[in-house]
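Student: return atomic coordinates for the entry below.
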Amino acid sequence: MRFTQTFEITQWDQNQYDETGKIQLGRATVGKTFTGGDLEGTSSAQLLMAATADGPAAYTAVERFVGTLAGRAGSFVMVHGATADQTSSPGKIVAADGDLAGLTGTVVYEHDEQGPRVTVDYELPW
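Tutor: Take a look at the predicted model:
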């Protein structure tokens, strides 16, 4: 199954942990809310980021979604990331529990003039 859905960023707490030279390394806790589609619930992510004076260079994230996917309750963890020259952030579902146990698939995050959205391509057993 595949779908694309918008979401809302509800939390962004960021700090730097290494500012050596011209490259800064930072960490952010990010919260999201997903409504009105196949995903209904919230997620929490930890992002590790690298930035230069010219702007963001790269990030990687581990994110847990809790709620329902296509009406099945549970949670799943995804890993995603991108570099500044990419227009999207691809990732993979790496673990799931509850009624989502056995979930596999990919995610692609995009942020542009259309707003934030995620495309999920997944398979659920039974």
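
Student: who does F3 form a beta bridge with?
Tutor: Note on F3: beta-bridge partners by DSSP bridges are V120.

Student: with S43 instead?
Tutor: Those that pair with S43 in a beta bridge, by DSSP bridges, are K32, F65.

Student: same check, this time on G98
Tutor: G74.

Student: just the pLDDT at it, thanks.
Tutor: In this prediction, G98 carries a pLDDT score of 98.

Student: tally of neighbours for it?
Tutor: Neighbour count of G98, defined by other C-beta atoms under 10 Å: 15. The way it works is simple: take the backbone N, C-alpha and C, and place the C-beta from them, glycine included.

Student: T52 now?
Tutor: 12.

Student: then G74?
Tutor: 17.

Student: what pLDDT does it get?
Tutor: pLDDT at G74 comes out at 98.

Student: which ones are touching it?
Tutor: For G74, the contact set (C-beta atoms under 8 Å, 6 or more residues apart in numbering) comprises 66, 68, 96-101, 103.

Student: please repeat the previous calculation with a cut-off of 6 Å.
Tutor: 97-100 (C-beta atoms under 6 Å, 6 or more residues apart in numbering).

Student: which among those gets closest to T87?
Tutor: Minimum distance to T87 across those is 28.7 Å, recorded for L100 (C-beta to C-beta).

Student: ok, that closest one - contacts?
Tutor: By C-beta under 6 Å, 6+ apart, the neighbours of L100 are 69, 72, 74, 76.
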